[in-house]
Structure formats: structure tokens, C-alpha cells
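[1] quick one: sequence plus predicted model below, questions after.
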Amino acid sequence: MRQLAKLTWVEIKLFARDPLTMVFSLAFPVFVLIIMAGVFGNTPDPEGKVWAGVGPMDYLVPGFCGLSIAAIGFIALPIHLALYRERGVLRRLRSSSVSQLALLLSQLCVSALLAVIGAAAIVILGMAFNGAHAPVSPAGFAAAFVMTVVCFVALGVLLGAVLPNVQAAQAAGLALFFVSEMTSGVGPPREVLPEAMQQFARGLPLTHAAVALQDPWIGRGVNFTELAIVAGITVAAAVLAFRFFRWE
């Protein structure tokens, strides 16, 4: 436990010094949410055909919490682990008797902290300045939030394990992030996308995480189907991450 606490504290300081992590997990979602708020406000569509029948901000705020988490899993973690491997940090950690489990748990702790900070900024901004309402089911949203964090940490570690270097991690992570942002219902509403794009988006983890976050927020209750899908992705990614994780 002491080893985990020490390693986590070091990782927090390292993540805080990483501009890419700060931009995409904290600043970018907030910046885009401000733009979306200025364009759409929080008045529901009169016909109820988009934004799930609620105000755009009520729909986007929980979705952008998922986007902030996805930035950690798709960009921050893979690049962080790939850089560690290239610089021999992972090899030195292994020679210092740091276990694989301790290393991965420290990444989970740091990622959870970043996710909470990012989500807090998004929620405060959305509710205080852009008219978003509080979640109808805070407990349901919290459960989906925790599951989403664990899922994207597992995916981030998996990407960091299989991608060969930092350049590959950057390219793959940014591509996954922006494709997910545009098609998973955390930017343009899913209803306005072409059918082929909607079908494609169903294969992206953020699509299911976004629905799991949005439904309890807007009063649709806990979506156990989407939570089960996110849980399944988590288990698969975690198993593969442990299987393919390389120290050097």
C-alpha cells in the first residue's frame, strides 16, 4: 500500500506537468462546451427530435464528462506508458520491485483524480453559466462515471501496451479521440448523423459510455444494458492489457 501511495503521488506530479494531458482531458472539453453552449443554449428542440428531448446542455454536460475521461484513456495514458517504455522508466521500475499491478493501480488512481477534476469543471460550468440542470439520478450518474473511468483506463493501458512507440500512441490516440467526439453523441447529437455513421459509432466505447452517463442525468434511469456493454469492454481490455503489457 505504501508503494502504491508513493508511486501514485509521483505519477500525479508527472501528469500535472504534461501539457497534452492538461489540454485534452481538462481544457479541450470545457472550451468546446462553451462553444456548444453559445450555439445551442439549453432550450429543448420543440419537436423533441434531437438532444433526447431535453435541453442541449442537459444532454451535453454528462456526455462531455465522458469525453474528458476518453481523453485520458485514448491520449494521456497510452502516450505516458509508451514514453516510459522508450526512456527505460518501466524497466527501472521493474528492477525496483514495482509490480505490474501496483503500476496499473497507480495509473487508475491518477486517472480517476483527473477525471473528477475534469468532470467537476464541466458540471460547474454547465450548471452555473449555461443553464444545465442537476442530474435526476446522481447515484446512477456516479455509477456510470466510475465504470467509464475504469473502462477507459483499461483501454488506455491496452493501447500503451500494444502501440510500439510514442508517435504511434499519439497518432492512434488523437484519431480515436476526435472520431469518438464527432460520432458518439457528445458533440453533434446522434440523431442528426447519417445512418452509416450511427452504426459505426455503436462500435466505439464512448458511444455506450455517453448513453450510460446521459440517461440517469436526464431522467431516463440507469441504463443497465449500456453499463453491461461498458463493463464487458472493461473486462476484455483489462485482460488484454495484462496479457500484452511490456516493461521494455
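    Arrived safely.

[2] how about the helix ranked longest in the chain: buried residues?
    Determined from DSSP state H, the single longest helix within the chain is helix 100-129. Buried residues in helix 100-129, counting neighbours by 16 or more other CB atoms under 10 Å, are found at 102-104, 106-112, 114-115, 118-119, 121-123, 125-127. Placement of C-beta: from N, CA and C, glycine included.

[3] what does stretch 184-204 give?
    Residues of stretch 184-204 classed as buried by neighbour count (16+ other CB under 10 Å): 184-187, 189-190, 193, 201, 204.

[4] repeat that for stretch 65-72.
    Neighbour counts over stretch 65-72 (16+ other CB under 10 Å) mark 65-72 as buried.

[5] in JSON lines: the buried residues of stretch 184-204, plus pLDDT, secondary structure and distance to Ile79.
    Output for the buried residues of stretch 184-204, formatted as JSON lines (pLDDT from 0 to 100; DSSP: H, G, I helix; E, B strand; the rest coil; distance: CB to CB, whole Å):
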{"residue": "Ser184", "pLDDT": "92", "secondary structure": "coil", "distance to Ile79": "21"}
{"residue": "Gly185", "pLDDT": "88", "secondary structure": "coil", "distance to Ile79": "26"}
{"residue": "Val186", "pLDDT": "89", "secondary structure": "coil", "distance to Ile79": "21"}
{"residue": "Gly187", "pLDDT": "82", "secondary structure": "coil", "distance to Ile79": "23"}
{"residue": "Pro189", "pLDDT": "84", "secondary structure": "coil", "distance to Ile79": "30"}
{"residue": "Arg190", "pLDDT": "84", "secondary structure": "helix", "distance to Ile79": "29"}
{"residue": "Leu193", "pLDDT": "87", "secondary structure": "coil", "distance to Ile79": "29"}
{"residue": "Ala201", "pLDDT": "91", "secondary structure": "helix", "distance to Ile79": "24"}
{"residue": "Leu204", "pLDDT": "95", "secondary structure": "coil", "distance to Ile79": "20"}
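
[6] out of these, who's nearest Arg94?
    Leu204 (33.2 Å; CB to CB).

[7] surely that closest one is in contact with Val179?
    Yes. In this structure, Leu204 is within contact of Val179 by CB atoms under 8 Å, at 7.2 Å.

[8] quick revisit: okay, and which of the buried residues of stretch 65-72 map to helices?
    Among these, the members found in helices (DSSP H) are 65-71.

[9] of all the residues you listed, which comes closest to Ala169?
    Set against Ala169, the nearest of those by CB to CB is Ala71 (13.3 Å).

[10] among the buried residues of stretch 184-204, which pair sits farthest apart?
    Farthest-apart pair in the buried residues of stretch 184-204 is Pro189 and Leu204; separation 15.5 Å (CB to CB).

[11] please identify which of the ones in helices among the buried residues of stretch 65-72 is nearest to His133.
    Within these, proximity to His133 (CB to CB) peaks at Cys65, which comes in at 14.6 Å.

[12] surely that closest one is in contact with Ile122?
    Yes. Using CB under 8 Å, Cys65 makes contact with Ile122 at a distance of 5.6 Å.

[13] and the spatially closest residue to Leu193 that is not a sequence neighbour, what does it touch?
    Sequence neighbours aside, Thr183 is the residue nearest to Leu193 in space, at 6.4 Å (criterion: CB to CB, 6 or more residues apart in numbering). Counting by CB atoms under 8 Å, 6 or more residues apart in numbering, Thr183 touches 193, 197-198, 200-201, 204, 207.
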